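Peer 1: this one's sequence-less:
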Ligand code: ADP
Ligand code: MG
């Protein structure tokens, strides 16, 4: 890296020792750091209106936001009755307007200085005296020169986040712009290129140095867009390069672990199932079999909506492993789910010579030891557990297949852990969370995907209803009626984290109250994550065998729990759950041919929150916004029963962010690009990365040195992880 760039920011004009301290304290010690500290927003001339236009808009009843640039004429605190307000009178070239604040008066009075310039953004209104006015607008300080330059030449003004460390030392928006401008002018040309020249040319990208220049001080919107494009492309290119490297290594991995799926035992097992496998289940089994027979190591994602029947596919694959002399392991995210798998699988293998073993973190040492012994001595063995089963003490005998159930995120790290233990089994990761195909192809480029795209034929649509809390007594009555018919019910309370003591207490209190009042005549069980596993197991067993009619539970039943006779789920405080969580919870019912019900309860304020999202959401306070989004989530649940549709809606409500977990996949987190919105760039970057890696996997060619260097400089952690995979 070039020398000047690693010099201290003190070399920049107008940064003295004091300011150096301030920059250093927020991690901007070098010139390079500052050059890569990008604006978080811009003021663009084409979006600025003058006060005459704005007045016309306001008179016409426009209710969107506008931005103006104006100078403060005077500011005064005006009293009315017992209250007061701050009125700042402003003037632009064309006229006058006022900004008013009813709160934070002192702060805003000190902020607005007379004769200084500000960019004001807000919703314009006309007062009853005919004044153009903004109440509590957003604003940014700019200086007089900037304002002139801006209005005359159409410059785009950048705004930088100003962490406290800078503000304390009086580095405000204007001085920050000046300092960065000095840095960019003197040093941008020294920023070395991080992409091969050939790509910069064929993809018509800005050089990195020009990108830096234009991301800070773009001379046009088009150049700003080009700069952003370059940053996104580069980020996605390196992401895909890592995926390509990983994939090429994986293709080299061979395995002589092969399973026989066609034994008499397996054929009989399938024949004796109480149902016929669906075409989709059979297809997936064929895909798994084909891959394992091919001599490669399987690393497969099995996607299927809640209730589509993934477990049986897992079990048959494990039987094939066991039939061929290997141990198989099934890992679940919670102890409750692991216990259930243990109960069900033990039952369906009852009478065979296959030993089923359960390993959980909360087991007592003695219980655990017993289980470990069984693993050692059993001739044929399936191991079920939580992640605790991969602890150091566990010794597998010829582990050939690992199945990871309900993994919402790709379990690369788990795989890395296995390899550290010196084993390299076939891996099947099962999830109900649909991952869009472009993503499985791109980020998860090294992962093969199987999909169970149909539900068993006997299923009815679950009836979903949203109700206010006042309706709870009616819902309890409804539950009692169904229970009288021999069906069962879940009542769920939110407990977002196991350590959430307050809500845990609330759930237990509800259990006690309901047990003594509405459900005094019913058999009611309680289940939560803090219970010892043997108690959890007992409760699950009793619910499964109808000894309990109603199960009151925290979110521990969210994933995987399968009691087909349960037909009602009541979800309390539903606004506290994410959409995919709600869908998972709903999936606890509708697991048989019986009609099932999901009743979602929340407070009336949320349920009746009906705004037009397109127009109004931007003007809501953060708390109102949350409330509004909650109501949208609940309505989405009502509208769709397909996990894929719901995942899409969730994505829109939450914004893509990291929900696809690049973090856990061992790949870098994205700063500039968005996997969903920037799909086009992603596909191009992927093509380029794979072409290069397929041609020169070790990046030995001279023209690829720049890639190797960038990987080593900026992505070394990801590279190390990729190497272990
Ligand atoms: P998930 O995909 O959510 O893990 P499960 O594997 O728990 O779903 O299956 C849900 C329920 O459907 C279970 O009770 C299971 O026995 C049953 N099931 C699985 N496959 C079929 C099928 N082909 N026909 C009917 N019922 C099935
Ligand atoms: Mg499941």
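Peer 2: Now that the structure is in, tell me what you want to look at. Fair warning: this is a prediction, and the values are worked out from it, not measured in the lab. Ligands and ions are numbered 1, 2, ... in the order given.
Peer 1: any idea of the mean pLDDT in the strand of greatest length in the chain?
Peer 2: Determined from DSSP state E, the single longest strand within the chain is strand 66-80. In this model, strand 66-80 has a mean pLDDT of 91.
Peer 1: And the next helix or strand past that strand?
Peer 2: Note on strand 66-80: by DSSP states H and E, the next helix or strand toward the C-terminus is strand 83-92.
Peer 1: hang on, the earlier thing: what lies in contact with the longest strand of the chain?
Peer 2: Outside strand 66-80, the residues that touch it by Cβ atoms under 8 Å, 6 or more residues apart in numbering are 43, 47-51, 54, 57, 84-92, 96-97, 105, 109, 112-124, 142, 147, 150-151. Yep, even glycine has a C-beta here, placed from its N, CA and C like the rest.
Peer 1: now do the same end-to-end measure for stretch 568-580.
Peer 2: Using Cα to Cα, to the nearest Å, one end of stretch 568-580 lies 18 Å from the other.
Peer 1: should've said stretch 552-561
Peer 2: Using Cα to Cα, the end-to-end distance of stretch 552-561 comes out at 14 Å.
Peer 1: same question, stretch 99-109
Peer 2: With Cα to Cα as the measure, the ends of stretch 99-109 fall 11 Å from one another.
Peer 1: I'd say residue 330 and residue 318 touch.
Peer 2: Yes: with contacts counted by Cβ atoms under 8 Å, residue 330 reaches residue 318, the gap being 6.7 Å.
Peer 1: Can you check which residues contact both of these two?
Peer 2: The contact sets of residue 330 and residue 318 overlap at 382, 403 (Cβ under 8 Å, 6+ apart).
Peer 1: how about the residue of the stretch 51-200 of the chain found nearest ligand 1, secondary structure?
Peer 2: With Cβ to the nearest ligand atom as the measure, residue 199 is the residue of the stretch 51-200 of the chain nearest to ligand 1, at 42.9 Å. At residue 199, secondary structure determined by DSSP: H, G, I helix; E, B strand; the rest coil is helix.
Peer 1: got the residues of the stretch 401-550 of the chain near ligand 1?
Peer 2: Residues of the stretch 401-550 of the chain lying close to ligand 1 by Cβ under 6 Å from any ligand atom are 432, 456.
Peer 1: packing partners for whichever strand or helix holds residue 57?
Peer 2: Residue 57 is located in helix 51-59, with elements delineated by DSSP H and E. On a contact count with 3 or more Cβ pairs under 8 Å, 6 or more residues apart in numbering; DSSP states H and E, helix 51-59 meets strand 66-80, strand 95-101, strand 125-126, strand 132-135.
Peer 1: any chance of those in CSV, plus mean neighbour count?
Peer 2: Output for the helices and strands packed on helix 51-59, formatted as CSV (neighbours: other Cβ atoms under 10 Å):
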stretch, mean neighbour count
strand 66-80, 16
strand 95-101, 19
strand 125-126, 14
strand 132-135, 20
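Peer 1: mind checking which of those strands is nearest residue 308?
Peer 2: Residue 308 sits nearest to strand 66-80 of all those, at 50.3 Å, using Cβ to Cβ.
Peer 1: quick revisit: reformat the helices and strands packed on helix 51-59 as TSV; add distance to residue 458.
Peer 2: Shown next, in TSV, are the helices and strands packed on helix 51-59 (distance: least, Cβ to Cβ, whole Å):
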stretch	distance to residue 458
strand 66-80	58
strand 95-101	63
strand 125-126	60
strand 132-135	59
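Peer 1: Out of those, flag the one nearest residue 323.
Peer 2: Nearest of the helices and strands packed on helix 51-59 (Cβ to Cβ): strand 66-80, 70.2 Å.
Peer 1: quick one: the closest one to chain centroid distance?
Peer 2: In terms of Cα atoms, centre = their mean, to the nearest Å, the centre of strand 66-80 is found 42 Å from the chain centre.
Peer 1: now the angle between strand 95-101 and that strand, please.
Peer 2: Here the directions of strand 66-80 and strand 95-101 differ by 60 degrees (axes from the mean of the first three to the mean of the last three Cα atoms, to 10 degrees).
Peer 1: going forward can the numbers begin at 236, since that is how I track them
Peer 2: From this message on, residue numbering opens at 236, which makes the last subject strand 301-315.
Peer 1: count of neighbours near residue 914?
Peer 2: Other residues near residue 914 come to 16 when the count uses other Cβ atoms under 10 Å.
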